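Asks: structure for this input, please:
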Amino acid sequence: MIKIIRPLQSGFNHQLLEQNRRFYFTASALLGIHLQTGEAVLEFDALRDAFECMGEKPLPDMGMPKPRGEFLISGSFFPPGKQESTEGWVRVKIGKQEKKLYVFGPRKWRNGLPSKSEPFTSMPIDFAHAFGGEGYKKNPDGMGYKDGRLPCVDNPKHLVASPGDTPEPAGFSPLNPSWPQRMQFQGTYDSSYLQKYFPGYPEDLDWHFFLCAPKDQWISGYFQENESFEIHHMHPDIPVIRGTLPNLYARCFLNHTINRKGELQFSELPLNLDTIWLFPEKLLGLMIWRGVIEVADDEAEQISHVLVAYEDRAHPPRTHEDYRQALERRINSDDSLLNYFNTEDLIPIGAKCAMELLQESAFADDEESEFSKNLDAKAEAIRKMADEKIEEAIQQAEKAQADIPKEVQESPEFKDMPKLDLREQLKAKPKPDPDVEELNKKLETLLPWITAGDPKKIQLKKFSFDKIDKMMAAVDELMEKKQKQAKDEIAKVKPQIEEQLKKAQEELDKLPEDEKEGMADQLKETQAQLQQALDMMDMDTKKQPKAPLPRINAEEIIAQIGQISPQVTEADKAHLEMANFYEANLIGASMKKANLEKASMQKAKLTGANLSSANLEMAQLSEVFAHLSVFSGANLSYADLSHAIIQEADFSGTQLFRTNFHETYDEKTIWSGSTKALSLGTDEKRLKSEQWGEK
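Replies: Below you'll find the predicted structure:
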């Protein structure tokens, strides 16, 4: 398996393209940027926001090579001033490329004329609101085709003028790969293809197939990383978003064998910025660089490591040797998590590393969080309770001393005893503790500013999880020392009280019998009160077995990212690319909108599972048992469902481009609205045409 090394700001995806019996390793490096500041953001924040903006049928980047650049926009129209509107427009300009769309409220045809637009406060700019509809191959998701409606999103250069108009659907977002706008580039799939090229792509595949934007969003060549941009009316509070791409660029290095002897070579794979994807409502832009290299097999086994970085053109580029050393540090390091989070050598000079961004995110809200407030309140309550207990113990002891019979208190022996002032001993203001000061010095050495009282100042940039053990050991050492000191202090106080009780008893014994009788009960009560005070001051010094501190293993954590536990019951919108669900029990699991691209789900039990709108592209689903499962709206392109058992399931609206149904058993399953699979071993007796909603 190829090991990926990257900063947490940069996403990375690799695909293997087989065409004409040749194999191509395609590397995609992704960087999310803030559209106003130009700063890079953490990849998981960028992807979370991006998927929220993509709508109910997300079409993420395929990670395949693109012969030229393109831009995409996912978002909505917002009328200026947050007022209701019946119409408006959106405009996007990137570099020299510009595109404008008109936006209308819902309309219908009445006697051959458009009705008035209904008012609205926002309108998604997607193909569901563009011209199209059931039966219209260029956009079956749209509106206006033989349904009496007009599109809400329209092209100002070709507005729908009559019920019979059939214009190109207008939009900024990705086109479905099964639509003719893209299928025209797919190549020829015939008997010759099956004999010569299956399961790869045919010889005449045009890589323009992998461009997913409408054609008027393509550019000549690739982006230069410094293009200016403008976005109009696609943010609820900012009418116009203007800026310039931040002049950042990605770099990719491969560690790979170059001959049969297994000799390793470390070399750079050139990248082109071929995709700019904007999400205005989130003030987010995604920049995607791509590079392609031919490899020997469909697993790219000659590549062992991929190292991804990004730089700023404002600074001199790092050398090939700089990155070779960066790879060596991580391969040979005993502190892999430190190198995983502290990635200064993989990001521009002066840029914030992942730990700093995580820290900023944790304290983004200047106002104290409710969680922190609860902790503070709890700590204050504990302090108050402790003070009350100490005061109670002091009062008990003072009362006991006051209740000692007068005759005993006036005896010479009692008067000679030193006065015991518990209040002074227990409530005296503590002096600076040299042991605590020494601990603070140790902690500061391990993690600067940790003792400052302000978590925002902690320098997580140099944090290593291995330091946790050292920090806990230092704390444990102090605790043991203080427990011993406390035990010693109590040992000093207890004998004094016990001596008072003993002396009081001795003095009582000296009294005449007639005087003893009246004072015995009083003395017993005093003894009980003093004993209670002793018990309250006593500490349980027995050693409690400490739970071992969990060890943090970088390799295990990183491996688990790709091999999620099979016992999943809630994974809505999760990113589970290449996850391992082999023979997993996923009965009743909710995985709506989850990204399960290339997931391994062979022989999984999917009874009652909900995978609606999930991305299952290239997923391995052979021999699954899918009874009453919901796959509606899912992308199953290139997926393998051979030998699967599908009963009473919902596959409506699924994308089934080149899906493998070889010897699949199907019974009472809904297939309406699905794109028909290419018949690669498909059993037509089991997947009958009427199941697809065809007449």
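Asks: please pull out the lowest mean pLDDT helix or strand from the protein.
Replies: Taking mean pLDDT, DSSP states H and E as the measure, the helix or strand of the chain with the lowest value is helix 554-562, at a mean of 34.
Asks: check which helices and strands the following helix or strand past that one sits against.
Replies: Helices and strands here follow DSSP states H and E; after helix 554-562, the next one along the chain is strand 625-627. With contacts taken as 3 or more CB pairs under 8 Å, 6 or more residues apart in numbering; DSSP states H and E, strand 625-627 sits against strand 645-647. Quick note: C-beta positions are derived from backbone N, CA and C, even for glycine.
Asks: residues in contact with the strand it packs on?
Replies: Taking CB atoms under 8 Å, 6 or more residues apart in numbering as the criterion, the residues outside strand 645-647 that touch it are 623-629, 664-669.
Asks: switch the cut-off to 10 Å
Replies: Residues outside strand 645-647 that contact it (CB atoms under 10 Å, 6 or more residues apart in numbering) are 606-607, 621, 623-629, 631, 661, 664-669, 671, 686-687.
Asks: which among the residues you listed count as buried?
Replies: Judged by neighbour count, with 16 or more other CB atoms under 10 Å as the criterion, the buried members of the contacts of strand 645-647 are 606-607, 621, 623-627, 629, 631, 661, 664, 666, 669, 671, 687.
Asks: tell me which of these is nearest to Glu134?
Replies: Taking CB to CB as the measure, Glu134 sits nearest to Trp671 out of the buried ones among the contacts of strand 645-647, at 14.3 Å.
Asks: I figured that closest one hits Thr664, correct?
Replies: No. Look at Trp671 against Thr664 with CB atoms under 10 Å: they stay out of range, at 11.9 Å.
Asks: returning to that earlier point: mind picking the one among the buried ones among the contacts of strand 645-647 that's closest to Thr37?
Replies: So of these, ranked by how close each gets to Thr37 (CB to CB), first place is Phe631, at 40.3 Å.
Asks: okay, now the spatially closest residue to Glu84 that is not a sequence neighbour: neighbour count?
Replies: Here the nearest residue to Glu84 in space, its sequence neighbours aside, is Pro119; by CB to CB, 6 or more residues apart in numbering that works out to 4.2 Å. Each residue near Pro119 was counted by other CB atoms under 10 Å, and the total is 13.
Asks: for Pro119, what are its contacts?
Replies: Contacts of Pro119 were listed using CB under 10 Å, 6+ apart, and they are Pro79, Gln83, Glu84, Ser85, Thr86, Glu87, Gly105, Pro106.
Asks: Pro79 is in contact with the fourth one, correct?
Replies: Yes. Contact status for Ser85 versus Pro79: in contact at 3.6 Å, counting by CB under 10 Å.
Asks: what's the overlap in contacts for these two?
Replies: Val103, Pro119, Phe120, Thr121, Ser122, Met123, His233.
Asks: report the two of those separated the most.
Replies: Comparing all pairs in the shared contacts of Ser85 and Pro79 by CB to CB, the longest separation belongs to Pro119 and His233, at 15.8 Å.
Asks: pretty sure Asp509 sits in a strand.
Replies: No. If the criterion is DSSP: H, G, I helix; E, B strand; the rest coil, then Asp509 is helix and not within a strand.
Asks: state the distance from it to Glu499.
Replies: From Asp509 over to Glu499 the distance is 16 Å, taken as CB to CB, to the nearest Å.
Asks: so Gln195 lies in a helix, does it not?
Replies: Yes. Counting by three-state DSSP, Gln195 is found in a helix.
Asks: count of neighbours near it?
Replies: If you count neighbours by other CB under 10 Å, Gln195 ends up with 8.
Asks: from Arg21, how far off is it?
Replies: 12 Å.
Asks: again, but for Leu72
Replies: Here Leu72 is placed at a distance of 32 Å from Arg21 (CB to CB).
Asks: which of those two has more residues huddled nearby?
Replies: Neighbour totals were compared for Leu72 and Arg21, and Leu72 leads with 24 against 9 (other CB under 10 Å).
Asks: ok, and the closest non-adjacent residue to the more buried one?
Replies: Per CB to CB, 6+ apart, closest to Leu72 is Trp277, 4.5 Å.
Asks: for the residue nearest to Glu84, give me the pLDDT.
Replies: Model confidence at Pro119, expressed as pLDDT, equals 96.
Asks: can you pull the phi/psi pair for it?
Replies: The phi and psi torsions at Pro119 (degrees, to the nearest 10) take the values phi -70, psi 150.
Asks: got it, and Asn332?
Replies: Here the main-chain torsion angles of Asn332 (degrees, to the nearest 10) amount to phi -100, psi 0.
Asks: how far away is it from Ser267?
Replies: Distance of Asn332 to Ser267, computed by CB to CB: 20 Å.
Asks: those two - which one has more neighbours?
Replies: More neighbours surround Ser267 than the other of Asn332 and Ser267, with 13 against 8 (other CB under 10 Å).
Asks: wait, that one sits on Arg251?
Replies: No. The pair formed by Ser267 and Arg251 falls short of the contact definition of CB under 10 Å, at 11.7 Å.
Asks: which residues do these two both contact?
Replies: Listed as contacting both Ser267 and Arg251 by CB under 10 Å, 6+ apart are His320.
Asks: count the residues that sit near the closest residue to Glu667 other than its chain neighbours.
Replies: Nearest non-adjacent residue to Glu667, counting by CB to CB, 6+ apart: Gln647, 4.8 Å away. Counted with other CB under 10 Å, the burial measure for Gln647 works out to 15 neighbours.
Asks: how about low-confidence regions in the stretch 551-695 of the chain?
Replies: 551-579, 585, 588, 675-695 (pLDDT under 70).
Asks: which stretches of the stretch 301-450 of the chain aren't confidently modelled?
Replies: Applying pLDDT under 70 to the stretch 301-450 of the chain flags residues 334-341, 355, 358-383, 385-387, 389-390, 393-394, 397-398, 400-433, 439, 442-450.
Asks: okay, now the domains of the protein?
Replies: Structural domains assigned to the chain are 3-73+212-363, 76-171, 370-537, 553-694, following the TED database.
Asks: what distance separates the start and the end of the second one?
Replies: This points to domain 76-171. With CA to CA, to the nearest Å as the measure, the ends of domain 76-171 fall 11 Å from one another.
Asks: and Asp345, which of the three is it?
Replies: Classification of Asp345 using three-state DSSP returns helix.
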